[in-house]
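Student: one predicted model, sequence on top.
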Amino acid sequence: MGLGQRETGLDRRRERTVPAERFAEAMSRLVSGVAVVSLRRADGRPSGLLVSSLCSYSVDPPSVLMALARSSRTCRELGTAPGAAFGVHLLARTDAALARVFAGSAEDKFADVLWEWDGEVPRLADVPVYVKCRTDAVFPHGDHMIVVGGAEHCALREGEPLVYFHRRLDWCLGRAVPGPPD
């Protein structure tokens, strides 16, 4: 391509030659926190799933960005229209069992979990961070939907984060020790 010409997204995808398995293995080495995303289903019941593709997107306006597999029930329930309410629950190191519940495919993941309704959003009890959001933007990319959610409420409590690394939920960060000044 000459200077000044732009590639299309389709052109870039054709040039990618990294096998999916190799890429998945590489990304398994990225340390991330985990969160449960929850919402009210169309039938009025709670729905939720575990995500590791979540980040703070903007402080002004306060927003989160997450990637949800299109094949997940929760992604289908969230839909593509802006304005849907959902909750983001950052998990503590002690919440590994809770994480496994929401990583599973059970029809009613809330059956044996402590939670309550926060308006129209199922809110898990005793998690370190809860952020109530509404979708601001949803767009497809590959086999996922990218969701930007505007934060409406944020609740905090103490707790060390549950860390996902190399396909395991049992990693511990430990306390960060400040290094010498630059």
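Tutor: Nice, thanks for sending it over. Just so it is clear, the structure is predicted and the values come from calculations on it, not from any experiment.
Student: what comes into contact with stretch 97-108?
Tutor: 34, 36, 45, 48-50, 91, 109, 112-113, 124, 162, 169 (C-beta atoms under 8 Å, 6 or more residues apart in numbering). C-beta here means a position set from N, CA and C on the backbone, and glycine is covered the same way.
Student: buried ones among these?
Tutor: When the contacts of stretch 97-108 are checked for burial by 16 or more other C-beta atoms under 10 Å, the buried set is 34, 36, 48-50, 91, 109, 113, 124, 162, 169.
Student: how about the helices of this structure, start to end?
Tutor: Along the chain, the segments classed as helices by DSSP state H run 9-15, 20-27, 73-78, 96-103.
Student: comparing these, which yields the minimum mean pLDDT?
Tutor: Among the helices of the chain, helix 9-15 carries the lowest mean pLDDT, a mean of 56.
Student: picking up where we left off before, among the buried ones among the contacts of stretch 97-108, which ones are in strands?
Tutor: Mapping the buried ones among the contacts of stretch 97-108 onto strands (DSSP state E) picks out 36, 48-50, 124, 169.
Student: so which of those is the closest to residue 56?
Tutor: residue 36 (16.9 Å; C-beta to C-beta).
Student: wait, the closest one touches residue 89, no?
Tutor: Yes - counting by C-beta atoms under 8 Å, residue 89 is a contact partner of residue 36 at 4.4 Å.
Student: what's the overlap in contacts for these two?
Tutor: Common neighbours of residue 36 and residue 89, using C-beta under 8 Å, 6+ apart, are 124, 127.
Student: follow-up on the earlier one: want to throw the ones in strands among the buried ones among the contacts of stretch 97-108 into a markdown table with pLDDT?
Tutor: Shown next, in a markdown table, are these (pLDDT from 0 to 100):
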| residue | pLDDT |
| --- | --- |
| 36 | 95 |
| 48 | 92 |
| 49 | 89 |
| 50 | 91 |
| 124 | 98 |
| 169 | 69 |
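Student: reformat the buried ones among the contacts of stretch 97-108 as CSV; add distance to residue 101.
Tutor: Shown next, in CSV, are the buried ones among the contacts of stretch 97-108 (distance: C-beta to C-beta, whole Å):
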residue, distance to residue 101
34, 12
36, 9
48, 9
49, 10
50, 8
91, 11
109, 5
113, 6
124, 10
162, 13
169, 12
